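**Student:** Kindly generate the corresponding structure for this input.
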Amino acid sequence: MPRRPRLVLPGQPLHIVQRGHNGTAIFRCPSDYRVYLRHLARANDHGDCAVHAYVLMSNHVHLVVTPACRTAASRLMKSLGQSYVRYVNDRYQRRGTLWQDRFYSCLIDSEAYLLACYRYVERNPVRAGMVADAADYPWSSYGWHGYGEVNPLINDHPLYEALGSQPVERQRVYRQFLSAGAVDRAVVVLREATRRGTAAASVNFKRRLEAELGYSLERRQAGRPRRSSKNPSPEFGISKIGV
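**Tutor:** As a prediction, the model looks like this:
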């Protein structure tokens, strides 16, 4: 059975994950991280994807981007993946694949999950036990979002910019948001949606999307359908933590 095409809507954010083959390291030293970021900037020279957030872990990467057209994210990741593999193979005198299959992605309902996705991505080193504070990890976009460190790669989403009228205010609010920690259910939703290639979205957003696509985004299960809850699932915008 052919797999469904990747779920992409122009102008709608995507969470992207790409992993090293069999969990092997894709970054071995600081210069590797810097080279990857340079290649990311070059691959997106035409601005077909707005890069909102990222983290580079030793054996995988997370990106949050908004593509301008349906093929923009795939073209970005293909160009980036090929150019970085050439660099790694030349530097370490290796051959063969570096990446595990194709990249994973999920569509992000901006109002419900975008800032939660920023936080999920930028707290990854903290959850992995690599650092105690996200600010201590140099290979993510948190330095920009939390402290205004210069990062020409980032083109922020309007929802982040709406956190405050001035950069200092936005950074303060975002630091408070991130320090509250990732909401467990938001993390589960984002991970599952990315693994399945579906949408991290509110119920209403999903229903509108299904009507447009002509198919269900829910996993088919055997047996009697589960009874829906009378209370809608919480959404994970920044207002939910009182900042």
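**Student:** Could you count how many residues lie near Cys29?
**Tutor:** The tally of other residues near Cys29 (other C-beta atoms under 10 Å) stands at 10. Placement of C-beta: from N, CA and C, glycine included.
**Student:** Next: Asn155.
**Tutor:** Neighbours around Asn155, by other C-beta under 10 Å: 13.
**Student:** And what about it, helix, strand or coil?
**Tutor:** When classified by DSSP: H, G, I helix; E, B strand; the rest coil, Asn155 comes out as coil.
**Student:** Wait, it touches Asp48, no?
**Tutor:** No: taking contacts as C-beta atoms under 8 Å, Asn155 lies outside contact range of Asp48: 11.5 Å.
**Student:** And the strands in the protein?
**Tutor:** 14-19, 49-56, 60-67, 104-108, 199-200 (DSSP state E).
**Student:** and the first one with strand 49-56, angle?
**Tutor:** Orientation check (axes from the mean of the first three to the mean of the last three C-alpha atoms, to 10 degrees): strand 14-19 against strand 49-56 gives 40 degrees.
**Student:** can I assume Arg95 is in contact with Arg86?
**Tutor:** No: checked against C-beta under 8 Å, the pair Arg95 and Arg86 is beyond contact range at 11.3 Å.
**Student:** Compare those two and say which is more crowded by neighbours.
**Tutor:** Ranked by neighbour count (other C-beta under 10 Å), Arg95 and Arg86 place Arg86 first, with 12 against 5.
**Student:** ok, now how distant is the more buried one from Ala50?
**Tutor:** Separation of Arg86 from Ala50 (C-beta to C-beta, to the nearest Å) stands at 26 Å.
**Student:** average model confidence for stretch 74-85?
**Tutor:** With pLDDT averaged residue by residue, stretch 74-85 scores 94.
**Student:** Touching it from outside, list them.
**Tutor:** Residues outside stretch 74-85 that contact it (C-beta atoms under 8 Å, 6 or more residues apart in numbering) are 6, 8, 16, 18, 26, 35-36, 39-40, 42-44, 48-49, 65, 67, 97-99, 103.
**Student:** circling back to that earlier point, make JSON lines out of the strands of the chain and add distance to Ser74, mean pLDDT and mean neighbour count.
**Tutor:** As requested, the strands of the chain are exported to JSON lines (distance: least, C-beta to C-beta, whole Å; pLDDT from 0 to 100; neighbours: other C-beta atoms under 10 Å):
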{"stretch": "strand 14-19", "distance to Ser74": "10", "mean pLDDT": "97", "mean neighbour count": "22"}
{"stretch": "strand 49-56", "distance to Ser74": "10", "mean pLDDT": "97", "mean neighbour count": "23"}
{"stretch": "strand 60-67", "distance to Ser74": "9", "mean pLDDT": "98", "mean neighbour count": "24"}
{"stretch": "strand 104-108", "distance to Ser74": "9", "mean pLDDT": "96", "mean neighbour count": "25"}
{"stretch": "strand 199-200", "distance to Ser74": "17", "mean pLDDT": "94", "mean neighbour count": "26"}
